[in-house]
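Peer 1: This is the structure alone, sequence omitted:
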């Protein structure tokens, strides 16, 4: 379950009550580059003119194709090269309506009802919903909250599946600033994962949605795609987390043997050519200053959040220490009733994401995820104080 309030204030006792949202994967509203994008839009509209009278995938004019606007594909390639030292091949990149559409296209290309998909034991609930909708049988792999997926456990599961005559369609992983735990898959485990996947002939889907949101330089090891050489890994990433979720633009980079089959499941006549061209125009000059601005605002919220957590919940809860990203994973005492906690937080207008929704088997967990990047900085301490109050009430019930 997820606990949300309407996106308007509740009226209590004749006055508007503030609601404290620690939900969703949203980014700081003050970092959205509205002015820069507006200026980019003016330049793009003058240049494109008649190209926008065509569907993007039906006309090669000005760099549009079924893979998306070539200018934004070039930005994606250069972004990867800045981090990894090697560029993504532009011809293997496809622009999508956010990284979620990329995952949907991959899922539709690979999964048939009854097929096995391997994932971390905890992962993004939107992807779990997608894989379940497509009929996948999910196999969850234990992980630790700092170094990510347990590769020894993965090897055991793959060998067991092999003995049962089952071969996973792919291994899905969030190796960087994992959602919900914030874990970063260690360099050693990355190498082991790439080798193990090759050995068993199982592709990897690497979801790098949060990859640039590092609180300190150098905390993220080389990507699975780079370690693999781009032969067995489908790389997925997003512009939403560095610009804003409303931009709805992401991308995938797939080996030749997968790419056309993935794109064959695209029925939307192509991602918005105008949005892609505007974003490319802006990011060519401002990508890394935008990333820096985003990370600075997110880190400031993280620092305030963890201080408030220590003050109000330090005696009853434990939580991860992410090195970037948008989420804090909080473990609560075993004796707490999560349904009662939901009632108590609802009463106090505090919203969070319950841990259960992130578990591959929908297991009840005495845990929750706090998203801290969007909530106003000044609201965080009071929101956590109210959460602590709700935890105390739920523990005493």
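Peer 2: Noted; the coordinates are in hand. Fair warning: this is a prediction, and the values are worked out from it, not measured in the lab.
Peer 1: can you give me the helices in the stretch 51-200 of the chain?
Peer 2: 70-84, 98-110, 125-133, 151-163, 187-200 (DSSP state H, counting those that start in this stretch).
Peer 1: Show the model's pLDDT score for residue 266.
Peer 2: Note for residue 266: predicted pLDDT of 83.
Peer 1: Help me confirm that it is found in a strand?
Peer 2: No - assessed with DSSP: H, G, I helix; E, B strand; the rest coil, residue 266 is coil; it does not lie in a strand.
Peer 1: Test my guess that it contacts residue 105.
Peer 2: Yes - Residue 266 is within contact range of residue 105, at 5.9 Å (criterion: Cβ atoms under 8 Å). C-beta: built from backbone N, CA, C; applies to glycine.
Peer 1: Comparing these two, which shows the higher neighbour count?
Peer 2: residue 105 (24 against 20; other Cβ atoms under 10 Å).
Peer 1: who touches that one in this structure?
Peer 2: Residues in contact with residue 105 (Cβ atoms under 8 Å, 6 or more residues apart in numbering) are 96, 252, 262, 263, 265, 266.
Peer 1: Select only the buried ones of the residues you listed in PyMOL?
Peer 2: A single PyMOL command selects the buried members of those (16 or more other Cβ atoms under 10 Å):
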select buried, resi 96+252+262+263+266
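Peer 1: Dump the contacts of residue 105 into CSV; add distance to residue 213 as well.
Peer 2: Formatted as CSV, the contacts of residue 105 follow (distance: Cβ to Cβ, whole Å):
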residue, distance to residue 213
96, 20
252, 19
262, 26
263, 28
265, 29
266, 28
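Peer 1: Looking at the contacts of residue 105, which is nearest residue 140?
Peer 2: residue 252 (23.4 Å; Cβ to Cβ).
Peer 1: quick one: contacts for the closest residue to that closest one other than its chain neighbours?
Peer 2: Spatial nearest neighbour of residue 252, chain neighbours left out: residue 102 (4.1 Å); criterion: Cβ to Cβ, 6 or more residues apart in numbering. For residue 102, the contact set (Cβ under 8 Å, 6+ apart) comprises 94, 96, 236, 250, 251, 252.
Peer 1: Among these, which are located in strands?
Peer 2: Cross-referencing the contacts of residue 102 against strands under DSSP state E gives 94, 96, 236, 250, 251, 252.
Peer 1: ok, those residues vs residue 23, which is closest?
Peer 2: Nearest to residue 23 out of the ones in strands among the contacts of residue 102 is residue 250 (Cβ to Cβ; 20.8 Å).
Peer 1: The closest one bridge partners, please.
Peer 2: residue 96, residue 238 (DSSP bridges).
Peer 1: From what I see, it and residue 237 are in contact.
Peer 2: Yes - with contact defined as Cβ under 8 Å, residue 250 and residue 237 form a contacting pair (6.3 Å).
Peer 1: which residues are in contact with both of those two?
Peer 2: 99, 209.
Peer 1: Count the neighbours of residue 39 for me.
Peer 2: For residue 39, using other Cβ under 10 Å, the count is 14.
Peer 1: Please apply the same query to residue 260.
Peer 2: By the criterion of other Cβ under 10 Å, residue 260 has 11 neighbours.
Peer 1: All further residue positions should be reported with the first residue as 765.
Peer 2: Yes, from this point I'll number from 765; that puts the last item at residue 1024.
Peer 1: That one is in what secondary structure piece?
Peer 2: Residue 1024 is part of helix 1020-1027, with elements assigned from DSSP states H and E.
Peer 1: Tell me how far the next helix-or-strand element following that helix lies from the chain's centre.
Peer 2: Note on helix 1020-1027: by DSSP H and E, the next helix or strand toward the C-terminus is helix 1037-1077. Centroid separation for helix 1037-1077 versus its chain: 14 Å, with Cα atoms, centre = their mean, to the nearest Å.
Peer 1: Sounds good, over and out.
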